[in-house]
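J.: Next one to model:
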Amino acid sequence: MQTSAKGTAALELEEGVVLRAYRDVVGVWTIGAGLTAASGVVRPQAGMVITKAEATALLQEALTAKYEPAVRREMPDARQSEFDAGVSFHFNTGAIARASWVPEWRKKSPPAAIRARMALWNKGGGRVLPGLVARREREATMLLGGIYRGAALPAPISGSYARWGLALSGAEITAVCDGLRKLGYDPGGEADAVLLTVAKAFQRDNGLTVDGIIGRATLSALQRALDARTKAVAPALATAAAVPAATTGIADQITDLPWAGDASLLGLGLWGVTLAFRYRDVIAASINHPLPRLAALLRSF
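T.: Model (predicted):
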């Protein structure tokens, strides 16, 4: 059995399809429905652009090679909708072989028991994530009821507002707006919307497709920028180090610190260089207006 066209479409809705290569939240080049070089079917790199048809073909190739065999092995005799649900779960977690809901499904346990076991897979970084809670619910509905429920996207309030490219909870939308505000992009006065001009400005500064659609690539760039800011102000206390000017622009703070000696300075310097290289795309966004060529060069690495 292979993933059906409906199953593939549902998975693309869950993952979000990005046709221009972007860095995910940990800095790995990604394209299509969350495909990295680890997929074995594509090697995303700066500037790479694919079509929607190519994105779907690459996803199907990755599913055939890396995900469907495990689901067939763990879910023998699955109906098509059950198989598609298993593939969606495994693509997201890589855990079809150890997920406790799978033995329950094989034993034909009551649907409520299976649904409850699947719902346990709702955490990222040790925290319950609303997006994963909703995804597990959709996958359980596909598994148990054969219903392919597409992720309903919030419509723009008006032509002046950006469109959401993924189904987000109210809390997640609020977090996006707060994140943009922290980075100096005022999302506007509406609680659940981002001005189109603001979304496009953020995308332009970060070398993304400037379409006003807040999808996977835009959210990844936003998270990376916020992560860079957090790490820039919270270095290891063991060296009594402050934030490196390379990423924060507050070199004046460094002169007031009680350094333990040259070793601390060297440690801070190395830490700063490492951080700056890891978040070079974030630095590129900050210099995009005055130095667009240098910004493009930093993004290309």
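J.: How far does the longest strand along the chain sit from its chain's centre?
T.: Identified as the longest strand of the chain according to DSSP state E is strand 18-23. Its chain's average C-alpha position is 11 Å from that of strand 18-23, according to Cα atoms, centre = their mean, to the nearest Å.
J.: repeat for stretch 138-146
T.: 24 Å.
J.: If you average the pLDDT over that stretch, what comes out?
T.: The pLDDT scores in stretch 138-146 average 96.
J.: returning to that earlier point: hey, C-alpha coordinates of the longest strand of the chain in CSV?
T.: Taking Å, rounded to 0.1, in the frame of the first residue of the first chain, the C-alpha atoms of strand 18-23 are listed here in CSV:
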residue,chain,number,x,y,z
VAL,A,18,7.3,26.1,0.5
LEU,A,19,8.6,26.4,-3.0
ARG,A,20,11.7,28.4,-2.2
ALA,A,21,14.4,26.9,-0.1
TYR,A,22,14.5,28.3,3.5
ARG,A,23,16.3,27.5,6.8
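J.: Could you name the helices and strands sitting against it?
T.: strand 29-32, helix 216-232 (3 or more Cβ pairs under 8 Å, 6 or more residues apart in numbering; DSSP states H and E). C-beta: built from backbone N, CA, C; applies to glycine.
J.: ok, now which ones touch S220?
T.: Y22, R23, D24, V25, T30 (Cβ atoms under 8 Å, 6 or more residues apart in numbering).
J.: and Q60, how far is that from R23?
T.: Q60 sits at a distance of 24 Å from R23 (criterion: Cβ to Cβ, to the nearest Å).
J.: Then L166?
T.: L166 is 17 Å from R23, where distance means Cβ to Cβ.
J.: Between the two, which has more neighbouring residues?
T.: Higher neighbour count among L166 and R23: R23, with 22 against 19, using other Cβ atoms under 10 Å.
J.: Look up which residues are beta-bridged to the more buried one.
T.: W29 (DSSP bridges).
J.: what about the longest strand of the chain, average pLDDT?
T.: 93.
J.: how about the contacts of S220 in TSV, adding distance to T3?
T.: Listed next are those as TSV, based on distance: Cβ to Cβ, whole Å:
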residue	distance to T3
Y22	24
R23	27
D24	22
V25	26
T30	20
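J.: wait, which of the residues you listed is closest to F83?
T.: Nearest to F83, judged by Cβ to Cβ, of the contacts of S220 is T30 at 25.5 Å.
J.: re earlier: buried among the contacts of S220? Need that as a selection in ChimeraX.
T.: Of those, the buried ones go into a single ChimeraX selection, burial set by 16 or more other Cβ atoms under 10 Å:
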select :22,23,24,30
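J.: M1: which of the contacts of S220 is nearest?
T.: Looking across the contacts of S220 and measuring by Cβ to Cβ, the closest to M1 is T30, at 27.6 Å.
J.: so the closest one makes contact with V18?
T.: Yes. Under the criterion of Cβ atoms under 8 Å, T30 makes contact with V18 at 7.2 Å.
J.: Tally up the residues packed near A62, please.
T.: Neighbour count for A62, taken as other Cβ under 10 Å: 22.
J.: Any figure for the gap between it and V41?
T.: For A62 relative to V41 (Cβ to Cβ), the value is 5 Å.
J.: and for these two, which residues touch both?
T.: Residues within reach of A62 and of V41 at once, by Cβ under 8 Å, 6+ apart, are L35.
J.: Now do the same contact list for C177.
T.: So C177 contacts P187, A191, D192, V194 (Cβ under 8 Å, 6+ apart).
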